[in-house]
Structure formats: C-alpha cells, structure tokens
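1. Give me coordinates for this.
(chains A, B and C)
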Amino acid sequence: MMITPPHSECELLTRAQALAGLSLGKLAQELGLAVPKQQLYAKGWIGELIELKLGANAGSKPEPDFIELGIELKTLPINHLGKPRESTFVCSINLNEERTIAWENSTVWRKLRRVLWIPIEASPTIPLAERKIGMPLLWSPNPEQTQILQMDWQELTTMISFGQINQISAKLGRYLQIRPKAAHAKSLCWGLNEYGEPMLTLPRGFYLRASFTEQILKQYYI
DNA sequence: AAGTGATCATAA
DNA sequence: TTATGATCACTT
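-> Predicted coordinates for the structure are as follows:
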C-alpha cells in the first residue's frame, strides 16, 4: 500500500491529527499489517507504521522524512505520567566528514528545524495493539533551544574532529548526546584518532535526551 | 528510577 | 557498511 505524500504542512498535520485516539492495532489492520508479538524484535515498527500511513517518502536517506516539506517525523513513546520513556534518535554520524560541515548544513539541524512529534502510549502494561496514538505536535526549536542544540553539536563535533571520539560519552551535551548506534558492540566504522589517522571505532549517532523532549511536550500543554 | 551503553530489524 | 526506524538492558 502506497500513500501519497502530503502537499503541505497543513495537510500533513491534518492527516496526523486524524490518527489521534486510534490504536496501533486498528491502524495496522487498516494497512494490512500484522502487529508484532514482541517489540524486542520490532523496535522500529511503530515509527514505520506511522510513516507509511502519513506518506513519508525519504526512505533511508539522511533527509527529513517529508523531503519537500523539510519535516522530520518522530514517534515519542510516552509513559503513564505523560513523559517520554526514551531518548530520541536523530541521525547517524559520519565520523570523517562531520567536522567539515557547518551547523546550518548539518543533518542534525536539517532534521530538527521542523519536527512532527507523534506521542504514542508506551507503558509496558498495555499490549502493543492497544496502545493509542496521541495528538501530534508540529514543532520547531525556539531561539534558546536552537542555541543550546547548536552548542552541543559544536562541542561534540569538535571533539570528533580532534580525534577525541573515544573520550565522548553520553554524559556530554545538554540536549544532544552521542551514543553508540550499531548492531552490536563489535560493529566498526572508520573515524580519526588524535593524530588524524584513520581508526576503527564504534558507529555513533546523535540522540535527544528524554528530558529535552519532555520540555518540548510541556511547551505545548501549558 | 534514570541514564548510559548495547542491541534488533530492514533497505540499499 | 551505511542509512533508516527505534527500544532494550545493564550500571549507577
């Protein structure tokens, strides 16, 4: 089943709003998909389900999901208190080229400048098929948030460019952090060591801290 | 209970 | 192997 991409931001938002209150089971049924028995082996299923329904068309390109609209789609797992259960993956990091890119052209900024957040009930006590889709939020970082995101990105990217990849931990960064993004701890990709020489290391990605996405939710519910 | 590091599925 | 979609699970 192929769904046409939305032609405008307004159309996308309207489509997303129409999903609010719908259960994942109902949506899957509508699209002719089976609900996985365990999320452990289908971690990205919810995101892919929503992408399919809304007509996202970026595939696995390092671009916002709705390329023409410049909008990134993110599902946000919410616990019974209404808070994010997890951090949010933003993008993979090219450990060789990140340093040559300006913030304005970075994948982090191109994805975060406009995000359609879709809250999803995610308490483990609720069966996957019964979890409901929440009201979407079409968000852009405000100037303060943008500045902090940029500072985090700059600090972390500078470390990468100075060959300090092995000194980066998830403790760094106020809103953005870098964590492994790999099949397993033995996955390898090329980066640079402190002498600027190629070095094999673990693939990494940028993530948004759950405390930051919680702040985003509050921005809208006040 | 958070937060960090590890892991799972899939396409190109 | 790279990118996407993320959540799992161990440590603190």
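2. So which residues on chain A come close to DNA strand B?
-> A:40-44, A:59-60, A:87, A:169-171, A:177, A:179-187, A:202, A:209-211 (C-beta under 7 Å from any atom of the strand). Placement of C-beta: from N, CA and C, glycine included.
3. Of the residues you listed, grab the buried ones for ChimeraX.
-> Entered in ChimeraX, the line below selects the buried ones among the residues of chain A next to DNA strand B, by 16 or more other C-beta atoms under 10 Å:
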select /A:87,177,181,202,209,210
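4. Can you give me the pLDDT of the residue at the greatest distance from the centre of chain A?
-> Here chain A reaches farthest from its C-alpha mean at A:Y195, the gap being 32.4 Å by C-alpha atoms, centre = their mean. With respect to pLDDT, A:Y195 scores 93.
5. One more: A:M1?
-> 61.
6. With A:M159 instead?
-> Looking at A:M159, its pLDDT reads 96.
7. Please report the number of neighbouring residues for the nearest residue to it once chain neighbours are set aside.
-> Computed as C-beta to C-beta, 6 or more residues apart in numbering, the closest residue to A:M159 that is not its neighbour in sequence is A:I168, at 5.5 Å. When counting by other C-beta atoms under 10 Å, one arrives at 18 neighbours for A:I168.
8. Which residues does the top helix by length along chain A contact?
-> Counting residues, the longest helix found in chain A (DSSP state H) is helix A:143-161. For helix A:143-161, the external contacting residues (C-beta atoms under 8 Å, 6 or more residues apart in numbering) are A:93, A:95, A:98-99, A:101, A:103, A:106, A:108-109, A:112, A:141, A:165, A:167-168, A:172-178, A:191-192, A:206, A:212, A:215.
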